[in-house]
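# Let's see this in three dimensions:
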Amino acid sequence: MAKKPVSSPPPGEAASQTDAAASATASASSGSPADRRDAVIDALMRLAANHQWRAISLVDIAREAGVSLADLRDTYPSKGAILAGFTKRIDRIVLDGTTDDLAGEPARERLLDIMMRRFDALAPYKGALRNIARSLRHEPLAIAALNKLAANSQRFMLAAVGIPTEGTLGALKIQGAVAVFARTFETWIEDDEPDLARTLARLDRELRKGERVLLYAQDVHRLTAPLRAFGRALCNRRRHSHRHRREDEDLGSRDGEDYVPAL
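Numbers count the residues shown, from 1 in each chain. Below is the predicted model:
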(Lines give C-alpha, C1' and ligand atoms only; values in the text may rest on other atoms or scores of the structure.)
Protein backbone atom coordinates (compact mmCIF):
# COMPACT_ATOMS: atom_id res chain seq x y z
CA MET A 1 0.00 0.00 0.00
CA ALA A 2 1.36 3.41 -0.92
CA LYS A 3 2.35 5.65 1.94
CA LYS A 4 -0.16 8.39 2.59
CA PRO A 5 1.64 11.73 2.30
CA VAL A 6 1.68 13.83 5.42
CA SER A 7 -0.27 17.03 5.32
CA SER A 8 0.20 20.40 6.90
CA PRO A 9 -1.51 20.94 10.27
CA PRO A 10 -4.85 22.75 10.39
CA PRO A 11 -4.51 26.55 10.71
CA GLY A 12 -5.65 26.45 14.33
CA GLU A 13 -2.81 24.13 15.29
CA ALA A 14 -0.04 26.20 13.74
CA ALA A 15 -1.15 29.83 13.97
CA SER A 16 2.30 31.01 15.02
CA GLN A 17 3.84 29.56 11.84
CA THR A 18 1.25 30.66 9.27
CA ASP A 19 2.83 33.95 8.24
CA ALA A 20 6.32 32.41 8.04
CA ALA A 21 5.02 29.54 5.92
CA ALA A 22 3.25 31.82 3.46
CA SER A 23 6.29 34.07 3.17
CA ALA A 24 8.65 31.14 2.66
CA THR A 25 6.48 29.58 -0.04
CA ALA A 26 6.17 32.87 -1.92
CA SER A 27 9.90 33.46 -1.72
CA ALA A 28 10.68 29.92 -2.86
CA SER A 29 8.61 30.38 -6.00
CA SER A 30 10.73 33.42 -6.91
CA GLY A 31 13.63 31.09 -7.67
CA SER A 32 16.30 32.57 -5.36
CA PRO A 33 18.58 29.77 -4.06
CA ALA A 34 18.80 31.38 -0.61
CA ASP A 35 15.02 31.73 -0.43
CA ARG A 36 14.57 28.11 -1.52
CA ARG A 37 16.96 26.96 1.21
CA ASP A 38 15.00 28.87 3.84
CA ALA A 39 11.67 27.64 2.48
CA VAL A 40 12.80 24.01 2.50
CA ILE A 41 14.19 24.24 6.04
CA ASP A 42 11.00 25.88 7.29
CA ALA A 43 8.89 23.26 5.51
CA LEU A 44 10.75 20.37 7.13
CA MET A 45 10.50 21.90 10.59
CA ARG A 46 6.76 22.55 10.19
CA LEU A 47 6.19 18.98 9.09
CA ALA A 48 8.40 17.59 11.87
CA ALA A 49 6.37 19.50 14.46
CA ASN A 50 3.31 17.42 13.59
CA HIS A 51 4.63 14.15 12.14
CA GLN A 52 7.18 11.49 12.91
CA TRP A 53 10.53 11.91 11.15
CA ARG A 54 10.21 8.65 9.23
CA ALA A 55 6.77 9.62 7.94
CA ILE A 56 8.05 12.74 6.18
CA SER A 57 9.03 12.15 2.56
CA LEU A 58 10.95 14.35 0.15
CA VAL A 59 7.73 14.79 -1.82
CA ASP A 60 6.03 16.08 1.31
CA ILE A 61 8.82 18.58 1.92
CA ALA A 62 8.81 19.84 -1.66
CA ARG A 63 5.04 20.29 -1.59
CA GLU A 64 5.13 22.07 1.77
CA ALA A 65 7.95 24.35 0.63
CA GLY A 66 6.25 25.19 -2.65
CA VAL A 67 9.17 23.96 -4.78
CA SER A 68 9.52 21.23 -7.38
CA LEU A 69 11.21 17.97 -6.54
CA ALA A 70 14.00 18.93 -8.97
CA ASP A 71 14.55 22.23 -7.16
CA LEU A 72 14.57 20.39 -3.84
CA ARG A 73 17.25 18.03 -5.18
CA ASP A 74 19.37 20.99 -6.27
CA THR A 75 18.92 22.64 -2.89
CA TYR A 76 19.32 19.70 -0.47
CA PRO A 77 19.93 16.03 -1.35
CA SER A 78 18.33 14.52 1.77
CA LYS A 79 16.42 15.20 4.97
CA GLY A 80 19.71 14.99 6.85
CA ALA A 81 21.19 17.70 4.64
CA ILE A 82 18.18 19.92 5.36
CA LEU A 83 18.74 19.35 9.07
CA ALA A 84 22.37 20.38 8.59
CA GLY A 85 21.15 23.55 6.88
CA PHE A 86 18.90 24.22 9.87
CA THR A 87 21.88 23.79 12.20
CA LYS A 88 23.88 26.33 10.20
CA ARG A 89 20.96 28.74 10.44
CA ILE A 90 20.98 28.45 14.24
CA ASP A 91 24.77 28.84 14.30
CA ARG A 92 24.44 32.06 12.33
CA ILE A 93 21.78 33.47 14.64
CA VAL A 94 23.88 32.77 17.73
CA LEU A 95 27.15 33.99 16.23
CA ASP A 96 25.56 37.18 14.90
CA GLY A 97 24.31 37.92 18.41
CA THR A 98 27.63 37.29 20.12
CA THR A 99 29.29 40.32 21.72
CA ASP A 100 32.30 41.02 23.93
CA ASP A 101 30.15 41.96 26.93
CA LEU A 102 31.33 38.90 28.89
CA ALA A 103 34.95 39.04 27.76
CA GLY A 104 36.17 39.49 31.33
CA GLU A 105 34.07 36.66 32.76
CA PRO A 106 35.31 33.09 33.37
CA ALA A 107 35.13 30.74 30.40
CA ARG A 108 32.31 28.75 32.02
CA GLU A 109 30.12 31.86 32.28
CA ARG A 110 30.79 32.81 28.68
CA LEU A 111 29.96 29.31 27.50
CA LEU A 112 26.80 29.20 29.62
CA ASP A 113 25.66 32.45 28.03
CA ILE A 114 26.17 31.32 24.44
CA MET A 115 24.55 27.94 25.03
CA MET A 116 21.48 29.55 26.59
CA ARG A 117 21.27 31.89 23.61
CA ARG A 118 21.40 28.81 21.40
CA PHE A 119 18.41 27.38 23.23
CA ASP A 120 16.63 30.71 22.70
CA ALA A 121 17.29 30.44 18.96
CA LEU A 122 15.94 26.88 18.95
CA ALA A 123 12.79 27.76 20.92
CA PRO A 124 10.48 28.38 17.90
CA TYR A 125 11.24 24.84 16.70
CA LYS A 126 10.89 22.99 20.00
CA GLY A 127 7.97 20.84 18.86
CA ALA A 128 9.80 19.74 15.73
CA LEU A 129 13.01 19.06 17.61
CA ARG A 130 11.14 17.01 20.21
CA ASN A 131 9.73 14.73 17.51
CA ILE A 132 13.05 14.48 15.68
CA ALA A 133 14.91 13.61 18.88
CA ARG A 134 12.41 10.92 19.81
CA SER A 135 12.56 9.40 16.32
CA LEU A 136 16.34 9.30 15.99
CA ARG A 137 17.51 8.51 19.52
CA HIS A 138 17.64 4.76 18.83
CA GLU A 139 19.38 4.96 15.44
CA PRO A 140 23.18 4.73 15.82
CA LEU A 141 23.99 6.01 12.33
CA ALA A 142 21.72 9.01 12.79
CA ILE A 143 23.25 9.73 16.20
CA ALA A 144 26.75 9.63 14.70
CA ALA A 145 25.71 12.06 11.96
CA LEU A 146 24.07 14.38 14.47
CA ASN A 147 27.18 14.26 16.64
CA LYS A 148 29.26 15.43 13.68
CA LEU A 149 26.84 18.32 13.08
CA ALA A 150 26.93 19.21 16.76
CA ALA A 151 30.74 19.11 16.85
CA ASN A 152 30.97 21.56 13.95
CA SER A 153 28.54 23.89 15.71
CA GLN A 154 30.25 23.70 19.08
CA ARG A 155 33.64 24.41 17.48
CA PHE A 156 32.27 27.80 16.45
CA MET A 157 30.50 28.34 19.78
CA LEU A 158 33.77 27.80 21.63
CA ALA A 159 35.63 30.06 19.22
CA ALA A 160 33.01 32.77 19.73
CA VAL A 161 33.69 32.86 23.47
CA GLY A 162 37.47 32.76 23.09
CA ILE A 163 38.12 29.10 23.92
CA PRO A 164 40.82 27.58 21.65
CA THR A 165 40.02 24.26 20.01
CA GLU A 166 43.33 23.26 18.41
CA GLY A 167 45.23 20.08 19.18
CA THR A 168 44.27 17.05 21.25
CA LEU A 169 42.79 19.07 24.08
CA GLY A 170 40.86 21.14 21.57
CA ALA A 171 39.12 18.03 20.25
CA LEU A 172 38.28 17.07 23.83
CA LYS A 173 36.81 20.52 24.48
CA ILE A 174 34.62 20.28 21.37
CA GLN A 175 33.29 16.84 22.24
CA GLY A 176 32.82 17.91 25.84
CA ALA A 177 30.75 20.88 24.71
CA VAL A 178 28.67 18.55 22.53
CA ALA A 179 28.02 16.29 25.52
CA VAL A 180 27.12 19.21 27.80
CA PHE A 181 24.67 20.65 25.29
CA ALA A 182 23.13 17.25 24.49
CA ARG A 183 22.49 16.44 28.15
CA THR A 184 21.03 19.89 28.79
CA PHE A 185 18.91 19.52 25.64
CA GLU A 186 17.15 16.59 27.32
CA THR A 187 15.97 18.94 30.06
CA TRP A 188 15.25 21.89 27.76
CA ILE A 189 13.04 19.88 25.41
CA GLU A 190 10.63 19.23 28.31
CA ASP A 191 11.07 22.60 30.06
CA ASP A 192 8.07 24.77 29.24
CA GLU A 193 8.67 27.41 31.90
CA PRO A 194 9.25 30.91 30.49
CA ASP A 195 12.44 31.47 32.51
CA LEU A 196 13.88 28.02 31.64
CA ALA A 197 15.05 27.69 35.24
CA ARG A 198 15.43 23.91 35.03
CA THR A 199 17.41 24.20 31.80
CA LEU A 200 19.72 26.83 33.25
CA ALA A 201 20.33 24.77 36.38
CA ARG A 202 21.08 21.64 34.34
CA LEU A 203 23.43 23.52 32.04
CA ASP A 204 25.31 24.99 35.00
CA ARG A 205 25.74 21.52 36.53
CA GLU A 206 26.92 19.98 33.27
CA LEU A 207 29.41 22.79 32.63
CA ARG A 208 30.87 22.38 36.12
CA LYS A 209 31.27 18.65 35.52
CA GLY A 210 32.88 19.32 32.15
CA GLU A 211 35.22 21.86 33.70
CA ARG A 212 36.46 19.28 36.20
CA VAL A 213 37.00 16.69 33.47
CA LEU A 214 38.92 19.19 31.34
CA LEU A 215 41.15 20.21 34.26
CA TYR A 216 41.95 16.54 34.84
CA ALA A 217 42.68 16.05 31.13
CA GLN A 218 44.96 19.09 31.11
CA ASP A 219 46.92 17.66 34.05
CA VAL A 220 47.29 14.30 32.29
CA HIS A 221 48.29 16.04 29.06
CA ARG A 222 50.95 18.06 30.85
CA LEU A 223 52.33 15.10 32.83
CA THR A 224 52.56 12.89 29.75
CA ALA A 225 54.24 15.56 27.60
CA PRO A 226 57.79 14.06 28.01
CA LEU A 227 56.52 10.58 27.12
CA ARG A 228 54.71 11.86 24.04
CA ALA A 229 57.80 13.80 22.96
CA PHE A 230 59.92 10.65 23.33
CA GLY A 231 57.39 8.67 21.29
CA ARG A 232 57.41 11.23 18.49
CA ALA A 233 61.21 11.29 18.42
CA LEU A 234 61.32 7.49 18.27
CA CYS A 235 58.82 7.38 15.41
CA ASN A 236 60.73 10.04 13.49
CA ARG A 237 63.99 8.14 13.97
CA ARG A 238 62.44 4.92 12.69
CA ARG A 239 60.99 6.66 9.66
CA HIS A 240 64.37 8.29 8.94
CA SER A 241 66.20 4.97 9.26
CA HIS A 242 63.66 3.14 7.09
CA ARG A 243 63.88 5.80 4.37
CA HIS A 244 67.68 5.61 4.22
CA ARG A 245 67.62 1.81 4.15
CA ARG A 246 65.13 1.85 1.28
CA GLU A 247 67.28 4.37 -0.64
CA ASP A 248 70.37 2.19 -0.17
CA GLU A 249 68.51 -0.87 -1.41
CA ASP A 250 67.26 1.03 -4.46
CA LEU A 251 70.78 2.19 -5.33
CA GLY A 252 72.15 -1.33 -4.94
CA SER A 253 69.50 -2.86 -7.15
CA ARG A 254 70.12 -0.30 -9.91
CA ASP A 255 73.88 -0.96 -10.25
CA GLY A 256 74.52 -2.30 -13.77
CA GLU A 257 70.83 -2.19 -14.72
CA ASP A 258 69.76 -1.40 -18.26
CA TYR A 259 67.29 1.50 -17.83
CA VAL A 260 65.93 1.39 -21.38
CA PRO A 261 63.03 -0.93 -20.50
CA ALA A 262 62.09 1.31 -17.61
CA LEU A 263 62.10 4.35 -19.86
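# When you work out contacts or count neighbours from here on, use the C-alpha atoms and nothing else.
Will do.
# The stretch 101-250 of the chain: helices as residue ranges?
For the stretch 101-250 of the chain, the helices defined by DSSP state H, counting those that start in this stretch cover 107-122, 126-136, 140-160, 167-188, 197-223, 225-254.
# Contacts for the fourth one next, please.
This means helix 167-188. Applying C-alpha atoms under 8 Å, 6 or more residues apart in numbering, the external contacts of helix 167-188 come out as 115, 119, 147, 150-151, 154-155, 158, 164-165, 196, 198-199, 202-203, 206-207, 210, 214, 217-218.
# give me that answer again for 6 Å
With contact meaning C-alpha atoms under 6 Å, 6 or more residues apart in numbering, helix 167-188 is reached by 155, 199, 202-203, 206.
# Counting neighbours, which bits of that helix end up buried?
Neighbour counts using 16 or more other C-alpha atoms under 10 Å place 172-182, 184-185, 187-188 of helix 167-188 among the buried residues.
# ok, now stretch 127-136?
In stretch 127-136, counting by 16+ other C-alpha under 10 Å, buried: 127-133, 136.
# would JSON lines of those with pLDDT and distance to G97 be doable?
Formatted as JSON lines, the buried residues of stretch 127-136 follow (pLDDT from 0 to 100; distance: C-alpha to C-alpha, whole Å):
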{"residue": "G127", "pLDDT": "96", "distance to G97": "24"}
{"residue": "A128", "pLDDT": "97", "distance to G97": "23"}
{"residue": "L129", "pLDDT": "97", "distance to G97": "22"}
{"residue": "R130", "pLDDT": "96", "distance to G97": "25"}
{"residue": "N131", "pLDDT": "95", "distance to G97": "27"}
{"residue": "I132", "pLDDT": "95", "distance to G97": "26"}
{"residue": "A133", "pLDDT": "94", "distance to G97": "26"}
{"residue": "L136", "pLDDT": "91", "distance to G97": "30"}
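# Now distance to W53 too, for the residues you listed, in CSV please.
As requested, the buried residues of stretch 127-136 are arranged in CSV below (distance: C-alpha to C-alpha, whole Å):
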residue, distance to W53
G127, 12
A128, 9
L129, 10
R130, 10
N131, 7
I132, 6
A133, 9
L136, 8
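# returning to that earlier point: go through the contacts of helix 167-188 and name the one nearest T87.
The closest of the contacts of helix 167-188 to T87 turns out to be R155 (C-alpha to C-alpha; 12.9 Å).
# so what's that closest one up against?
By C-alpha under 6 Å, 6+ apart, R155 lies in contact with I174.
# weakest of the helices of the stretch 101-250 of the chain by average pLDDT?
When the helices of the stretch 101-250 of the chain are ranked by mean pLDDT, helix 225-254 comes last with a mean of 61.
# just for the stretch 1-150 of the chain, where's the confidence low?
1-31 (pLDDT under 70).
# rerun at 50
Confidence mapping of the stretch 1-150 of the chain against pLDDT under 50 gives the ranges 1-5, 7-18, 20.
# Out of the buried residues of helix 167-188, the closest to D101 would be?
For these, the nearest to D101 is A177 (21.2 Å; C-alpha to C-alpha).
# any idea how far V67 is from that closest one?
37 Å (C-alpha to C-alpha, to the nearest Å).
# Now G104: phi and psi?
Backbone torsions for G104, taken as degrees, to the nearest 10, come to phi -90, psi 0.
# ok, now how distant is it from R208?
19 Å.
# Which one's more surrounded, the two?
Using other C-alpha atoms under 10 Å as the criterion, G104 and R208 rank with R208 on top: 14 against 9.
# what about D113, how many residues close to it?
Around D113 there are 15 other residues, counting by other C-alpha under 10 Å.
# Likewise for D96?
D96: 10 neighbours (other C-alpha under 10 Å).
# before we move on, what about the one 10 residues further on?
Here the number of neighbours of P106 (other C-alpha under 10 Å) works out to 9.
# for P194, same thing?
For P194, the neighbour count with other C-alpha under 10 Å is 6.
# what does E190 give?
Neighbours of E190 (other C-alpha under 10 Å): 14.
# Cool, thanks, talk later.
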